[in-house]
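S.K.: Next input, structure requested:
(one chain, ligands or ions: 2)
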Amino acid sequence: MARKIAIANQKGGVGKTTTSINLAAGLAYLNKRILLVDFDPQGNATQGLGYRVGLGDPTVYDAILNDEVNISECIRTLQKPPLDILPSNINLAGADLQLAKIEEGRESYLKNALADIENRYDYIIIDCPPSLGLLNTNALTAADSVLIPVQSEYYALEGITQLLQTIRLVQRLFNPNLKIEGVLLTMYDARTNLSAEVGQEIRKHFKEKAYRTYIPRNIKLSEAPSTGLSIYDYALNSEGAKAYVALTREVLNNNVEGSDGQ
Ligand SMILES: Nc1ncnc2c1ncn2[C@@H]1O[C@H](COP(=O)(O)OP(=O)(O)OP(=O)(O)O)[C@@H](O)[C@H]1O
Ligand SMILES: [Mg+2]
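M.R.: Ligands and ions are numbered 1, 2, ... in the order given. Okay, the predicted model is just below:
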């Protein structure tokens, strides 16, 4: 059965999508069977891998809320990287409101949709939107664990407190088995004291949950999405690619058989 990892932080622009794409691609290139779920109405993970949703094409919105469409019909297989994607577009923006009107079980729509297909994959990576609404609750209810990217900047840790509260709430109400997969420092700049300080803070708070890998600020990582390529296909020798390879290996090591990702 797939290990489902939500990449979440309600703060915008901290590297959720960059991490979703390049962790999913990294695992795919190591021959893992991967589904990348774009669960953000911005559709950045979809576009960043060069997939264009055509008019009327079913998306993740249909997978969770359209009774006439099965999730299998919404999934697309890409060649480069070799993974499946459940694409998203602006249609998903309406899902929050629609779910809000549902009285019972509104937090479980993504979980229920994934249940039909999860045995086809080793990992399901869910790219979350920058909010703490019902989409995020659905992602955290569906997931086995949450990977939290944190940008190396001054207020980095303030937002995390709020996210941890949400995680605890979801654990209590809907998903008692939800774990913290790890906390990842992104856009690290080795020349600044601030980056080093945020790194120390994260290590202090999260201990072994803090990844040893830091993702550096790297121009190639910011250029890759506009080409529709993962960092490995765009700039394999870049510092960004090396860092995401290292992260992929850490995630794999933490999930070897017999380990429950604790
Ligand atoms: N390590 C990095 N070095 C340089 N640029 C980066 C790095 N990581 C991400 N970026 C760039 O920073 C911007 C925000 O990154 P990304 O889209 O991954 O964040 P996000 O958390 O998914 O944002 P949102 O909250 O809007 O979904 C993007 O333009 C991305 O290309
Ligand atoms: Mg994003």
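
S.K.: same for the longest helix seen in the chain, what does it pack against?
M.R.: Criterion DSSP state H: the longest helix present in the chain is helix 156-173. Under the contact criterion of 3 or more C-beta pairs under 8 Å, 6 or more residues apart in numbering; DSSP states H and E, helix 156-173 touches helix 134-142, strand 145-151, helix 193-206. Just so you know, the C-beta spots here come from the backbone N, C-alpha and C atoms, and that holds for glycine as well.

S.K.: Residue 4 pairs with what?
M.R.: For residue 4, the beta-bridge assignment (DSSP bridges) gives partners residue 124.

S.K.: Settle this for me: it is touching residue 144, isn't it.
M.R.: Yes. At 4.9 Å, residue 4 and residue 144 qualify as touching, with contact defined as C-beta atoms under 8 Å.

S.K.: More neighbours: which of those two?
M.R.: residue 4 (24 against 20; other C-beta atoms under 10 Å).

S.K.: got the contact list for residue 152?
M.R.: 185-189, 192, 194-195, 198-199, 214 (C-beta atoms under 8 Å, 6 or more residues apart in numbering).

S.K.: Could I have the buried ones of those residues as PyMOL selection syntax?
M.R.: Here is the PyMOL selection string for the buried members of the contacts of residue 152, based on 16 or more other C-beta atoms under 10 Å:
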select buried, resi 185+186+187+188+195+198+199+214
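
S.K.: Same list, the contacts of residue 152, but only the ones touching ligand 1.
M.R.: With C-beta under 6 Å from any ligand atom as the criterion, the contacts of residue 152 include 186-187 near ligand 1.

S.K.: Need the contacts of residue 152 in TSV (columns: distance to residue 132).
M.R.: Below are the contacts of residue 152 laid out as TSV (distance: C-beta to C-beta, whole Å):
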residue	distance to residue 132
185	21
186	19
187	22
188	25
189	28
192	29
194	26
195	26
198	22
199	25
214	26
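
S.K.: Tell me how far residue 114 lies from ligand 2.
M.R.: Applying C-beta to the ion, to the nearest Å, the value for residue 114 to ligand 2 is 19 Å.

S.K.: do residue 247 as well
M.R.: Residue 247 is 17 Å from ligand 2, by C-beta to the ion.

S.K.: Nearest to residue 94 among the contacts of residue 152?
M.R.: residue 186 (29.8 Å; C-beta to C-beta).

S.K.: Quickly list what that closest one is bridged to.
M.R.: Residues in beta-bridge contact with residue 186 (DSSP bridges): residue 151.

S.K.: Return the residues in contact with residue 73.
M.R.: Shown in contact with residue 73 (C-beta under 8 Å, 6+ apart): 58, 62.

S.K.: With just CA atoms, put stretch 212-227 into PDB.
M.R.: Provided in PDB are the C-alpha atoms of stretch 212-227 (Å, rounded to 0.1, in the frame of the first residue of the first chain):
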ATOM      1  CA  ARG A 212      19.800  16.700   7.500                       C
ATOM      2  CA  THR A 213      19.400  17.900   3.900                       C
ATOM      3  CA  TYR A 214      18.900  21.600   3.500                       C
ATOM      4  CA  ILE A 215      17.600  22.800   0.100                       C
ATOM      5  CA  PRO A 216      19.700  25.800  -1.000                       C
ATOM      6  CA  ARG A 217      18.400  28.800  -2.800                       C
ATOM      7  CA  ASN A 218      19.200  27.900  -6.300                       C
ATOM      8  CA  ILE A 219      18.300  29.700  -9.500                       C
ATOM      9  CA  LYS A 220      17.900  26.400 -11.500                       C
ATOM     10  CA  LEU A 221      15.100  25.300  -9.100                       C
ATOM     11  CA  SER A 222      13.200  28.500  -9.800                       C
ATOM     12  CA  GLU A 223      13.700  28.200 -13.600                       C
ATOM     13  CA  ALA A 224      12.800  24.600 -14.000                       C
ATOM     14  CA  PRO A 225       8.900  24.900 -13.700                       C
ATOM     15  CA  SER A 226       8.700  27.300 -16.600                       C
ATOM     16  CA  THR A 227      10.300  24.500 -18.800                       C
END
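
S.K.: Sweet, I'm off.
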